[in-house]
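Student: here you go, sequence then predicted model.
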Amino acid sequence: MKKNRLGRSGIVVSDICMGTMTFGNQADEKTAFRILDMSYEAGVDFYDTAEMYPVPPDAKYVGTTEEIVGRWMKTKDRDSLIIASKVAGPSHVWIQAPLRGAKTGLDRHHIMRAVEGSLRRLDTDYIDLYQTHWPDWDFPQEETMMALDELVRSGKVRILGCSNESTWGLMKNLAVSELHGLARYETIQNNFSLNNRRFEDELAPACRQEQVSLIPYSPIGGGVLSGKYNGGAFPEGARFSHYKNAPARQRAMLDRFVNEKSLASTARFQEIASDIGMSVVTMAVAWSKQHDFVASTIVGATSAEQVPELLAAADVTLDAETLQRINQVSQDIMYPMG
């Protein structure tokens with residue numbers, strides 16, 4: 001499997017990363033171990049989790065994902081694994097993090113509490129990549145970066161990253177780090193897929209100039225690109241099937257991912273994949289990892305049966321004609337996810 005460097009750091013990872021946000025909810029521990037083992041055997045060395053997982057966030061099982069990943073890590077050589085986790089960030093945005101009394105934030109207190117909890121659940125003495133899950137743009141960024149720098153200097157964390165961040169947020173924090181001589185964000189983890197190419201508008205040029213790597217999540221558009229929601233279907237057990245009767249914010253996410261435009265573009269992408277003789281899921285992951293600003297694409301599964309289709313992208317390079325056809329769909333149906 002191809003390897004890429006994370007930002008300007010010393011860490012090099014497989015260009016497919018296995019995400020774990022379903023472990024402990026949609027996928028039980030036995031299934032999670034099978035998914036992780038299949039990934040490891042295929043050459044994946046990069047695994048992404050978070051203190052707030054599994055999703056959707058729920059106090060009944062928050063932190064379970066890290067515990068499962070921690071137990072699985074004991075079956076492998078720790079030095080062979082690159083483990084990423086996240087501090088939740090503010091609970092006054094759209095999401096209420098069901099930990100620390102739903103008063104999470106990005107001040108020093110919460111960052112220190114969060115990392116200690118993750119280290120305990122993962123049963124390890126260091127985290128390779130530690131990320132802010134959600135930004136807090138109203139809070140002094142200096143305190144956030146100073147606290148994160150403290151973790152790097154202490155050896156509890158190797159490198160830093162951010163997630164769900166804006167161009168302003170990324171550049172502001174890079175400036176703070178440069179001004180004060182602090183460890184900087186080497187990665188950004190944002191939504192990026194055939195159905196959501198907004199990252200290319202502003203963030204991609206910033207990442208190229210600043211040598212920050214994107215590790216995109218949701219490369220198959222929250223499962224939409226698999227075709228499971230075609231024709232208005234909502235399969236039992238699917239993520240957005242759960243969101244149909246959920247609180248307003250999750251319902252808004254459903255409408256963003258599953259709508260007339262996203263289903264129309266998905267149908268077009270399925271035609272292209274069929275023409276080149278591969279699964280649209282494999283094509284979507286291959287397309288994601290083929291960008292120069294992408295270091296590793298995060299995939300996820302709820303069953304072992306889904307894994308081969310995702311990992312097949314490791315051996316795929318889409319040709320110029322296929323990329324042109326994909327770009328034409330994006331021009332004809334602009335911003336399917338709004």
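Tutor: Ah, there it is.
Student: got a pLDDT number for the residue lying closest to Thr322 once chain neighbours are set aside?
Tutor: Ranked by C-beta to C-beta, 6 or more residues apart in numbering and with sequence neighbours excluded, the top spatial neighbour of Thr322 is Ile276, at 5.8 Å. Backbone N, C-alpha and C define where each C-beta goes, glycine included. Per-residue confidence (pLDDT) for Ile276: 98.
Student: same question for the one 10 residues further on.
Tutor: Reading off the per-residue confidence, Ala286 sits at a pLDDT of 98.
Student: how near is it to Gly7?
Tutor: Applying C-beta to C-beta, to the nearest Å, the value for Ala286 to Gly7 is 23 Å.
Student: wait, Thr64 sits on Phe23?
Tutor: Yes: between Thr64 and Phe23 there is a contact under C-beta atoms under 8 Å: 7.2 Å.
Student: can you pick out the residue with more neighbours from these two?
Tutor: Phe23 (29 against 18; other C-beta atoms under 10 Å).
Student: rewinding a little: burial of the residue nearest to Thr322, as a residue count?
Tutor: 14.
Student: residue contacts, it?
Tutor: Met283, Leu318, Thr322 (C-beta atoms under 8 Å, 6 or more residues apart in numbering).
Student: and the gap between it and Asn173?
Tutor: In terms of C-beta to C-beta, Ile276 sits 40 Å off from Asn173.
Student: again with Thr167
Tutor: Thr167 is 11 Å from Asn173, by C-beta to C-beta.
Student: and those two? Which one has more around it.
Tutor: Counted by other C-beta under 10 Å, Thr167 and Asn173 do not tie: Asn173 has more neighbours, with 23 against 16.
Student: can you give me the helices for the stretch 101-250 of the chain?
Tutor: 108-122, 141-154, 167-180, 203-210, 239-243, 248-257 (DSSP state H, counting those that start in this stretch).
Student: those: lowest mean pLDDT?
Tutor: Among the helices of the stretch 101-250 of the chain, helix 239-243 carries the lowest mean pLDDT (a mean of 75).
Student: ok, residues contacting it?
Tutor: 26, 56, 222-224, 229, 234-235, 250-251, 253-254, 257-258.
Student: what mean pLDDT does stretch 220-230 get?
Tutor: For stretch 220-230, the per-residue pLDDT averages 92.
Student: that stretch: end-to-end distance?
Tutor: Separation of the first and last residues of stretch 220-230 by C-alpha to C-alpha, to the nearest Å is 14 Å.
Student: equivalent analysis for stretch 227-241, please.
Tutor: Stretch 227-241: ends 14 Å apart by C-alpha to C-alpha.
Student: that one: how far from the chain's middle?
Tutor: 21 Å (C-alpha atoms, centre = their mean, to the nearest Å).
Student: what's the angle from the helix or strand where Ser262 lies to helix 248-257?
Tutor: According to DSSP states H and E, Ser262 maps onto helix 260-275. Helix 260-275 and helix 248-257 are oriented at 50 degrees to each other (axes from the mean of the first three to the mean of the last three C-alpha atoms, to 10 degrees).
Student: turn the contacts of Ile276 into a markdown table, including distance to Leu179 and neighbour count.
Tutor: What follows is those, written out as a markdown table (distance: C-beta to C-beta, whole Å; neighbours: other C-beta atoms under 10 Å):
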| residue | distance to Leu179 | neighbour count |
| --- | --- | --- |
| Met283 | 43 | 25 |
| Leu318 | 41 | 17 |
| Thr322 | 44 | 19 |
